[in-house]
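*Asks:* could you look at this predicted model? Sequence included:
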There are 2 protein chains.
Amino acid sequence: MEAQIAVAKTNKYAVTESGDTLEVIERPNGGLSVVLADGQTSGRGAKAISMLVVRKVISLLAEGVRDGAAARAASDSLYTDKQGKVTCTLNIISIDLQSGTVVLTRNNPAPYFMARGEQIDCISTPSTPIGVSRSVRPIISEIPLERGLIIVVYTDGLVHAGERVGRPMDVCTSLKAMLEDQDPSPQAVADSLLSEAIALDDGRPADDISVVVFKVTKRRGDEVRRMTVRLPISPVNS
Amino acid sequence: MEAQIAVAKTNKYAVTESGDTLEVIERPNGGLSVVLADGQTSGRGAKAISMLVVRKVISLLAEGVRDGAAARAASDSLYTDKQGKVTCTLNIISIDLQSGTVVLTRNNPAPYFMARGEQIDCISTPSTPIGVSRSVRPIISEIPLERGLIIVVYTDGLVHAGERVGRPMDVCTSLKAMLEDQDPSPQAVADSLLSEAIALDDGRPADDISVVVFKVTKRRGDEVRRMTVRLPISPVNS
């Protein structure tokens, strides 16, 4: 088997800094974790919050701390720092090679999406952002790594796309149509969701949007780990 | 313009843990940094060292510390921890959107490769690994971001590929041939170098090998940041 992760990420229109922060790190006992946070509001303030949260989580994961404990620690730390006045959503997607599972840790009201075999589910169990109180708990799901498994996680910019102009995005329907028709690559799924959201916002995203698609596919045949990053350089700097 | 980074990475044959650690992180003032470390020896001990070094560097970069200062701090920290008995190579490749440059920080005897326009150079200025003494300095180069710029950085597993069987790899010649013929994608360059090295080692890499290819290309046309990660899941776990 091979695990593939694809990310597509854009900023709110006319705002240079995204309030969403996403990092991928290697787990000390094997595997990878994707950590995605969306700070309250947008721009520089939101970026500072989401970076703080992601740094906290990745430094704990790097020490071998379990995902749930890392999320609780990040929540307590943010609550203490901002007296509960600032919130942030947090998703952790971990490929744990020791247990052969994907561990999903979620403090985000935005639902996520999972496909296994014929079954396609939108999971919207209520979940609160971190930093709101001393008793915030993440929702944790552990799913065996098996071929065909697809998980899609996103920030609320995707959920709210198009609302401004009265034609809200239906993420689950879009995803179902995409997956029932064909066998798209994770990057194609992420790109397609993001471009639909941007189109619904008339090309001017009303919020930062990040989409993460995780897929377990057939083995490509070698032992090589690969990563590609594409970063547009804005005209101001180019 | 668009910056693209591609990574291809494999372990020493029959060793489950790579002594090389690579992480990509977002810079607090815009842009990205790729941090690559190769710990002395191989397996679990080397992994612990390279993870320690990479964690140290990324936590400092996240606070806004300059790359050169982060490399010196990682060296002093490793020297203090291991009394100079353990060394580690370190490369930092940073896309600094504030200055519009790529900053290369290097504590690695392995050369690196740079192509700008018609000129193709292998840069092998002497450079020492970190952790060997109290006076280790990185070699720092700053290069303006311009279309067509290609930078290739690798760990010594690539340089030493094939030596065991008396047909050492000539990285610079391979790269020149590849770039003079066509306009390959960064991932194609990284994959091709790695597969040549593995073939020279008869399919059984004599050391951990990591290759990073950075390229500045024409803008794809949107404001979307993208990332793809592919992680083979070994048969033991699958």
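*Replies:* Received the coordinates, thanks. Numbering: from 1, shown residues only, chains lettered A, B, ... in the order given.

*Asks:* mind showing which ranges of chain A have poor pLDDT?
*Replies:* Scanning chain A for pLDDT under 70 picks out the ranges A:235-238.

*Asks:* tell me the angle the longest helix seen in it makes with helix B:44-62.
*Replies:* In chain A, ranked by residue count with DSSP state H as the criterion, the top helix is helix A:44-62. Inter-element angle recorded for helix A:44-62 and helix B:44-62: 170 degrees (by axes from the mean of the first three to the mean of the last three C-alpha atoms, to 10 degrees).

*Asks:* quick check: buried residues in helix A:44-62?
*Replies:* A:46-62 (16 or more other C-beta atoms under 10 Å in any protein chain shown). To be clear about C-beta, it is placed using only N, CA and C from the backbone, and glycine gets the same treatment.

*Asks:* ok, then the element right after that helix?
*Replies:* As assigned by DSSP states H and E, the chain's next helix or strand after helix A:44-62 is helix A:67-82.

*Asks:* that next one versus helix A:44-62: what angle between them?
*Replies:* 140 degrees.

*Asks:* gap between helix A:67-82 and the chain center?
*Replies:* Distance of helix A:67-82 from the chain centroid (C-alpha atoms, centre = their mean, to the nearest Å) equals 18 Å.

*Asks:* pull the CA atoms of it into CSV?
*Replies:* C-alpha atoms of helix A:67-82 as CSV (Å, rounded to 0.1, in the frame of the first residue of the first chain):
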residue,chain,number,x,y,z
ASP,A,67,-2.4,13.2,19.2
GLY,A,68,-5.3,13.6,21.7
ALA,A,69,-3.0,14.8,24.5
ALA,A,70,-1.3,17.2,22.1
ALA,A,71,-4.6,18.7,21.1
ARG,A,72,-5.7,19.1,24.7
ALA,A,73,-2.3,20.7,25.5
ALA,A,74,-2.7,23.1,22.6
SER,A,75,-6.2,24.0,23.8
ASP,A,76,-5.1,24.6,27.4
SER,A,77,-2.1,26.6,26.3
LEU,A,78,-4.3,28.8,24.0
TYR,A,79,-6.9,29.2,26.7
THR,A,80,-4.3,30.3,29.3
ASP,A,81,-2.6,32.6,26.9
LYS,A,82,-5.8,34.4,25.6
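
*Asks:* quick one: A:Ala3 and chain B, what's the gap?
*Replies:* 4 Å (C-beta to the nearest C-beta, to the nearest Å).

*Asks:* and that residue, what does it touch?
*Replies:* By C-beta atoms under 8 Å, 6 or more residues apart in numbering or on different chains, the contact set of A:Ala3 is A:32, A:95, A:145, A:214-216, B:229-231, B:233.

*Asks:* and it, which helix or strand is it part of?
*Replies:* In this assignment (DSSP H and E), A:Ala3 forms part of strand A:2-10.

*Asks:* show me what the residue nearest to A:Ile5 when sequence neighbours are not counted is bridged to.
*Replies:* Of all residues not flanking A:Ile5 in the chain, B:Val229 sits nearest, at 4.3 Å (C-beta to C-beta, 6 or more residues apart in numbering or on different chains). Counting by DSSP bridges, B:Val229 is bridged to A:Ile5, A:Met227.

*Asks:* go ahead and confirm B:Val229 touches A:Glu23.
*Replies:* No. Using C-beta atoms under 8 Å, B:Val229 is not in contact with A:Glu23, being 11.6 Å away.

*Asks:* helices of chain A, residue ranges please.
*Replies:* Ranges of helices in chain A, per DSSP H, are A:44-62, A:67-82, A:156-159, A:171-181, A:186-200.

*Asks:* can you put these in JSON lines and add distance to chain B?
*Replies:* Formatted as JSON lines, the helices of chain A follow (distance: least, C-beta to the nearest C-beta, whole Å):
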{"stretch": "helix A:44-62", "distance to chain B": "5"}
{"stretch": "helix A:67-82", "distance to chain B": "15"}
{"stretch": "helix A:156-159", "distance to chain B": "12"}
{"stretch": "helix A:171-181", "distance to chain B": "17"}
{"stretch": "helix A:186-200", "distance to chain B": "5"}
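
*Asks:* out of the ones you listed, which is closest to A:Ala37?
*Replies:* Taking C-beta to C-beta, helix A:44-62 is the member of those nearest to A:Ala37, at 4.0 Å.

*Asks:* filter the contacts of A:Ala3 down to just the ones in strands.
*Replies:* Counted as lying in strands by DSSP state E, out of the contacts of A:Ala3, are A:32, A:95, A:214-216, B:229-231.

*Asks:* can you tell me which of those residues are buried?
*Replies:* Neighbour-count burial (16+ other C-beta under 10 Å) applied to these gives A:32, A:95, A:214-216, B:229-231.

*Asks:* what is the end-to-end distance of stretch A:113-122?
*Replies:* Distance across stretch A:113-122, first residue to last, is 4 Å (C-alpha to C-alpha, to the nearest Å).
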